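Participant: my questions concern the predicted model and sequence given below.
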Amino acid sequence: MKICQVEGTLVATARIPGLQNRRLLVVKERGSSGKQVAVDPVGCKNGDWVIVVGSSAARDAAGSKDYPSDLTIVGIIDYWDETTTQPRRVADANTSSRA
Amino acid sequence: MQIHRVVRDLVTTKRNYWLAAKALRVVEDEGGNLEVALDPVGAKPGDYVITIGISAARLAAGNPNITTDLTIGGIIDHWSEESWRN
């Protein structure tokens, strides 16, 4: 699973029937600039930090084994502060290398 | 799923049995990398599309036996070069 931030909704009127009328969101993976599209069965807002699953687990997570998704949101992270998380991780790494 | 832009059609007369008579398109990502995707929707060159990868691509093609690892899932209504890069 990966941590992503929701960037916005995506409207695609002409779509394959298998995708049904599910909400699609543009998400950006933490620490990368590439945008991806994920199915949202949870109900996220713009700016939310979310957990996404990929590969065949994404199909199950979207509701059924036959749903053609390769990236599905499975949860909204209650508290994620990007500004404090990154420095703390660096500090942890430094203390463990000294020990 | 990823966002791609359709570059052009692709014609292959001699092909794998399970690819059947499905339309193929050349698509590019924001970095200009080219890939070939199966197109059950009917996208035109220049359209921004959502592409589905890995095993879900086979389901999206309408038949799990079809041998594809990238299938177009839908045409994006509003998208631009800027929203791709920013």
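Facilitator: Sure, I can see it.
Participant: ok, now which ones touch the closest residue to A:Val11 other than its chain neighbours?
Facilitator: Ranked by C-beta to C-beta, 6 or more residues apart in numbering or on different chains and with sequence neighbours excluded, the top spatial neighbour of A:Val11 is B:Asp77, at 4.3 Å. Where you see a C-beta, it was placed from the backbone N, CA and C, and this is true even at glycine. Residues near B:Asp77 by C-beta atoms under 8 Å, 6 or more residues apart in numbering or on different chains: A:11-13.
Participant: do B:Ile75 as well
Facilitator: The neighbours of B:Ile75, taking C-beta under 8 Å, 6+ apart as the test, are A:12-15, B:41, B:43, B:47-49.
Participant: report the buried members of those residues.
Facilitator: When the contacts of B:Ile75 are checked for burial by 16 or more other C-beta atoms under 10 Å in any protein chain shown, the buried set is A:12, A:15, B:41, B:43, B:47-49.
Participant: what backbone torsions are found at the residue nearest to A:Val11?
Facilitator: Here the main-chain torsion angles of B:Asp77 (degrees, to the nearest 10) amount to phi -70, psi -50.
Participant: what does A:Arg59 give?
Facilitator: When read as degrees, to the nearest 10, the backbone of A:Arg59 gives phi -70, psi -50.
Participant: give me the pLDDT for it.
Facilitator: Per-residue confidence at A:Arg59 stands at 87 (pLDDT).
Participant: perfect, that will be all.
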